[in-house]
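Participant: Make a model of this:
(one chain, ligands or ions: 1)
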Amino acid sequence: MKKSDSAKDDRREFLEKAGSICAGCAMLGVPAAAGIAVVLDPLRLPPKDAEFIDVTTLDSLPPDGTPQKYVIKADKQDAWSRFPDRVIGAVYLRRLKNDTIQAFNVVCPHLGCAIEYRDVEKDYFCPCHNSDFALEDGAQGRGSPSARPLDSLETKVEEGQVWVKFQNFQTGIAEKKPA
Ligand code: FES
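Facilitator: Numbering: from 1, shown residues only. The predicted structure follows:
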């Protein structure tokens, strides 16, 4: 055999082995990538939309419109686990004249402390940086550092039960954006 023929054979053998190795890598790589995608899949789910939560009865709210605070519980879910009946926030509810319900998330839109209703001043107040908010519509008072009013929530009353579409929002910004 000539020397050039031997070199050609060596090169062909090398290319065949390299091709086999690449094919093997591809065959292993596809299932591995699929496995990783399955494991991480829950992390790629979009955030759940807010849902109505049964909070209390209409009769439990004072007809004079004094706000009442309620803890909100719901089933919580992270990437892999489900936690039933967990506290996910709190709201102030007010019964208005026509038996409609006004609801505010208790999270201060400034930087996230909890607001409190002040019975003497008849307003909501955040003690962290002294933001006050109007009872009637949640508007921030003059001089309050909060860039927006309290975050109102949708409500409905069905067969004497009060439902709130609960949602948390980003703090520290003027826009009301879901957290
Ligand atoms: S967090 Fe409420 S005023 Fe700053």
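
Participant: Isn't residue 137 up against residue 124?
Facilitator: No - using CB atoms under 8 Å, residue 137 is not in contact with residue 124; the gap is 10.8 Å. Glycine gets a C-beta too; all of them are placed from N, C-alpha and C.

Participant: Those two: which is more packed in?
Facilitator: A count of neighbours by other CB atoms under 10 Å puts residue 124 above the other of residue 137 and residue 124, at 24 against 11.

Participant: tell me the pLDDT at that one?
Facilitator: On pLDDT, residue 124 comes in at 98.

Participant: And residue 16, by the same measure?
Facilitator: The model reports residue 16 with a pLDDT of 70.

Participant: is it fair to say it lies in a helix?
Facilitator: Yes - under DSSP: H, G, I helix; E, B strand; the rest coil, residue 16 sits within a helix.

Participant: count of residues packed around it?
Facilitator: Neighbours around residue 16, by other CB under 10 Å: 10.

Participant: And for residue 53?
Facilitator: 18.

Participant: shouldn't it be in contact with residue 167?
Facilitator: No - with contacts defined as CB under 8 Å, residue 53 does not count as touching residue 167, sitting 10.2 Å away.

Participant: Identify the bridge partners of residue 86.
Facilitator: When bridges are called by DSSP bridges, residue 86 pairs up with residue 74.

Participant: mind listing what it touches?
Facilitator: 73-76 (CB atoms under 8 Å, 6 or more residues apart in numbering).

Participant: Once you drop chain neighbours, what's closest to residue 130?
Facilitator: Leaving aside its sequence neighbours, residue 130 sits nearest to residue 144 (CB to CB, 6 or more residues apart in numbering; 7.2 Å).

Participant: Report how many residues lie close to that neighbour.
Facilitator: 19.

Participant: In JSON lines, list the contacts of residue 86 along with distance to the ligand and pLDDT.
Facilitator: Formatted as JSON lines, the contacts of residue 86 follow (distance: CB to the nearest ligand atom, whole Å; pLDDT from 0 to 100):
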{"residue": "73", "distance to the ligand": "24", "pLDDT": "93"}
{"residue": "74", "distance to the ligand": "24", "pLDDT": "89"}
{"residue": "75", "distance to the ligand": "28", "pLDDT": "86"}
{"residue": "76", "distance to the ligand": "24", "pLDDT": "81"}
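
Participant: Any quick ChimeraX command for the buried ones out of those?
Facilitator: Only the buried entries of the contacts of residue 86 go into this ChimeraX selection, using 16 or more other CB atoms under 10 Å:
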select :73,74
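
Participant: Let's have the contacts of residue 86 in a markdown table, adding distance to residue 85.
Facilitator: Shown next, in a markdown table, are those (distance: CB to CB, whole Å):
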| residue | distance to residue 85 |
| --- | --- |
| 73 | 5 |
| 74 | 8 |
| 75 | 7 |
| 76 | 9 |
